[in-house]
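> Just need the structure, nothing else, for what follows:
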Amino acid sequence: MTQILLLSTYEQGHQPLGLAAPAASLRARGHDVQCVDTAVQSLTPETLDGADLVGISVPMHTAARLGIALSKRVRALNPSAKIVFYGLYASELHDHLVGAGLADAVVGGEYEIGLANIAESLEADDSLRGADGTGSLPLFPRQQYLVPDRAGLPALDEYARYDPGDGDLRLAGYVEASRGCAHVCTHCPLTPTYGGRLRLVQPDVVLADIDALVSLGAEHITFGDPDFFNAIAHADQITSELHRRYPTLTFDATIKVEHLLEHADRIGAFQTRGLSFVTSAFESVDDRLLALLKKGHTQADLEAVLSRAKQIGLTIRPTWLPFTPWTSIQDFLGILNFVAERDLVHAVQPVQYALRLLLPPGSPLVAEAEHDGFLTGFDSDGLSHSWRHPDPLMDTLQARFAAYTSEAAAECDHDDGQRSLGAQFDWIRAETEVAAGVALSAGPNAQTSPPPIPGLTESWFC
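This is a model prediction of the structure:
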């Protein structure tokens, strides 16, 4: 029996599915599995001592960066343990992680299978030889998923909560009804790994996982699928049964703009089942950039989605990609003006206005940025190809806004005062207008009372 320690560093403010899903698979095969979410739990030397295999979950870019520091600590405290990075970012980082000795192997795609192969190989001859699924090529076999095993994970009150808009915070759970995505947006980290592949989690498994979360106190569920409407019949089946079981349970989901338009006549049914808000990747109001990103929508489509959402009373929380090598200061002002003019100020977390395009290994945009002369090298600490904007002012603004929004978020976290969303927006907009040399807009957003907008208590970013 292999002693396995699964570690998570950061999974966007929710109980880590990246621990619960492989734990179920490995425990079903008879392995001794311990899980530690280092975002909220302490990792002790004693915990590391007994591990034969240490798996580090990397479902996000931030998690991958934090995972490197964690790997170094594991190496120092337990040199004999095998270290495996697994999850969305693992395969594309194979050469960097294995080449630098940060990992003995990586597993991408349907990682449960690869982790099980590694555990069994270690049990057989204390090596990783012959363990299928380790390497730069991710695994994509169709599998019968198991219900995630959340035993030993921190309680839900350690994570982000759901706010229906009135400040009455409720415990929230996180599930995934699918993996991968049927689309290939060029800036998305899913594209290099999944390449348009989609894997559906069996409805009974998703519903059993929700049952478990409700038993832990969850009153709201986040469907963390990259796009909940990739397979709308699947989403329809799950939410219909979900509402039958738990009539007062609310949920949120991420849905592409083009799917919100394509299935506009079906959204009302999801609302009656508890759909509270939708996160949607608007990214830009520049049609040229949207085409480069292969988003499948235009600014006119954004207008149509917001108009429809207003008619049916659906909250849309847009996400943005304001800083890319191809985004001018006028483009960025276009985003800010769009947000202000369409009453979205309180629906967008200010960190969104500071996000900078990541170019991890495998990104389709690396070649484009190189061709246009924007690349400056590879940042091994940042795990991304670095780039410089042709207008130095844009890099300066991004750095300033990142520092400002980080400082504002820290104030909120420490209860030393909170800059309102409106105040932060007004400051960012004014600074951008000064830099662009345009007349300052009226800034009433800091003074206006925010409308009741449902959401989670943690900002969304990668």
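> from here on, contacts and neighbour counts on C-alpha atoms
Noted.
> buried sites along stretch 403-411?
404-405, 408-409 (16 or more other C-alpha atoms under 10 Å).
> quick one: which of those is nearest Ile210?
Of all the buried residues of stretch 403-411, Ala409 has the smallest distance to Ile210: 30.4 Å, by C-alpha to C-alpha.
> quick one: what helix or strand has the closest one in it?
In this structure, Ala409 is located in helix 392-413 according to DSSP states H and E.
> Which residues does Leu7 form beta bridges with?
Note on Leu7: beta-bridge partners by DSSP bridges are Val36, Ile56.
> Surely it touches Thr38?
Yes. The pair Leu7 / Thr38 is scored as a contact, 6.9 Å apart, by C-alpha atoms under 8 Å.
> neighbour count winner among these two?
Leu7 (25 against 15; other C-alpha atoms under 10 Å).
> before we move on, the earlier item: report all helices and strands that the helix holding Ala409 contacts.
helix 421-436 (3 or more C-alpha pairs under 8 Å, 6 or more residues apart in numbering; DSSP states H and E).
> quick check: angle from the helix it packs on to helix 392-413?
160 degrees (axes from the mean of the first three to the mean of the last three C-alpha atoms, to 10 degrees).
> contacting residues around the closest residue to Thr254 other than its chain neighbours?
Nearest non-adjacent residue to Thr254, counting by C-alpha to C-alpha, 6 or more residues apart in numbering: Thr279, 4.6 Å away. Contacts for Thr279 (C-alpha atoms under 8 Å, 6 or more residues apart in numbering) come out as 252-255, 316-319.
> Could you rerun that using 7 Å?
By C-alpha atoms under 7 Å, 6 or more residues apart in numbering, the residues touching Thr279 are 253-255, 316-318.
> is it true that it lies in a helix?
No. Assignment of Thr279 by DSSP: H, G, I helix; E, B strand; the rest coil gives strand, placing it outside any helix.
> what's across from it in the sheet?
With DSSP bridges as the criterion, Thr279 is bridged to Thr254, Arg317.
> Tell me the spacing between it and Val348.
10 Å (C-alpha to C-alpha, to the nearest Å).
> Mutual contacts of these two, please.
With C-alpha under 7 Å, 6+ apart as the test, Thr279 and Val348 both reach 317-318.
> Tell me the confidence at the residue with the largest distance to the centre of the chain?
Farthest-out residue of the chain from its mean C-alpha position, per C-alpha atoms, centre = their mean: Asp125, at 36.9 Å. We have a pLDDT of 77 for Asp125.
> separation between it and Glu431?
Asp125 sits 61 Å away from Glu431, going by C-alpha to C-alpha.
> same question, Ile238
Taking C-alpha to C-alpha as the measure, Ile238 falls 46 Å from Glu431.
> my read is Asp252 is in a strand, agree?
Yes. Judged by three-state DSSP, Asp252 forms part of a strand.
> my read: it touches Asp225, true?
No. Asp252 lies out of contact with Asp225 (C-alpha atoms under 7 Å); the separation is 10.5 Å.
> ok, the two, which is more surrounded?
Asp252 (24 against 20).
> Tell me which residues touch the more buried one, please.
Per C-alpha under 7 Å, 6+ apart, neighbours of Asp252: 221-223, 275-278.
> Just the ones of these in strands?
221-223, 275-278 (DSSP state E).
> between these, which is closest to Pro164?
Ranked by distance to Pro164 (C-alpha to C-alpha), those are led by Ser276 at 7.8 Å.
> Settle this for me: that closest one is touching Phe251, isn't it.
Yes. Between Ser276 and Phe251 there is a contact under C-alpha under 7 Å: 5.8 Å.
> Ser307 is in what secondary structure piece?
helix 299-312.
> buried sites along that helix?
Neighbour-count burial for helix 299-312 flags 301-302, 305-306, 308-309 (criterion: 16+ other C-alpha under 10 Å).
> just for the protein, where's the confidence low?
Along the chain, segments meeting pLDDT under 70 span 129-133, 412-419, 443-448, 460-462.
> Show me where the stretch 101-250 of the chain has its strands.
For the stretch 101-250 of the chain, the strands defined by DSSP state E, counting those that start in this stretch cover 105-107, 161-163, 170-175, 178-180, 198-200, 220-223, 250-254.
> Could you identify which of the ones you listed is most buried?
strand 105-107 (a mean of 29; mean count of other C-alpha atoms under 10 Å).
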